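sequence-free structure coming up:
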């Protein structure tokens, strides 16, 4: 029976779909971590700009102002790098989502093929049973005519 022979193929397709789904879930966590880090860096950046502005108003010395400016520049660079990293990770997440959708579609397509084979096998079986029943009835009529 074709439907039984395809069961190992279906199992492999199901496992691949599950693996792709797990990879997608795990990578979503990575993207979430990068997003959280970006938010944190942006908050630090904004906070230090506020501190610099406050310090400038209350009379911070030049060395402190330069230190703040230098640190703010490093934070701005870190924000830019994190944004780039996040964009790359989001693209990889899209790729993993596409991979999962492809494996899911393959698994579903194989499932439909198996269903179609099972339906055909069921129809063949019903026809065979009907033919056997008809043959028995005909045999009975020959043996015991009315």
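That came through fine. The structure displayed is predicted, hence computed values, not measured ones.

Which residue is the nearest non-sequential neighbour of residue 48?
residue 72 (5.1 Å; C-beta to C-beta, 6 or more residues apart in numbering). Quick note: C-beta positions are derived from backbone N, CA and C, even for glycine.

Does that neighbour lie in a helix or a strand, and which?
helix 62-143 (DSSP states H and E).

give me the number of residues near residue 100?
Using other C-beta atoms under 10 Å, residue 100 has 20 other residues around it.

Over to the one 5 residues further on?
The burial metric for residue 105, expressed as a neighbour count using other C-beta under 10 Å, is 12.

before we move on, what about residue 78?
For residue 78, using other C-beta under 10 Å, the count is 16.

and the gap between the closest residue to it other than its chain neighbours and residue 13?
In space, residue 78 comes closest to residue 41 once its chain neighbours are excluded; the distance is 5.3 Å by C-beta to C-beta, 6+ apart. Residue 41 sits 42 Å away from residue 13, going by C-beta to C-beta, to the nearest Å.

Off-centre distance for the worst-scoring helix or strand of the chain on mean pLDDT?
The least trusted helix or strand in the chain, going by mean pLDDT, DSSP states H and E, turns out to be helix 2-5, with a mean of 82. Centroid separation for helix 2-5 versus its chain: 29 Å, with C-alpha atoms, centre = their mean, to the nearest Å.

my read: residue 16 touches residue 107, true?
Yes. In this structure residue 16 lies within contact range of residue 107 using C-beta atoms under 8 Å: 7.4 Å.

quick one, which of the two is more surrounded?
Between residue 16 and residue 107, residue 107 has the larger neighbour count (other C-beta under 10 Å), namely 21 against 17.
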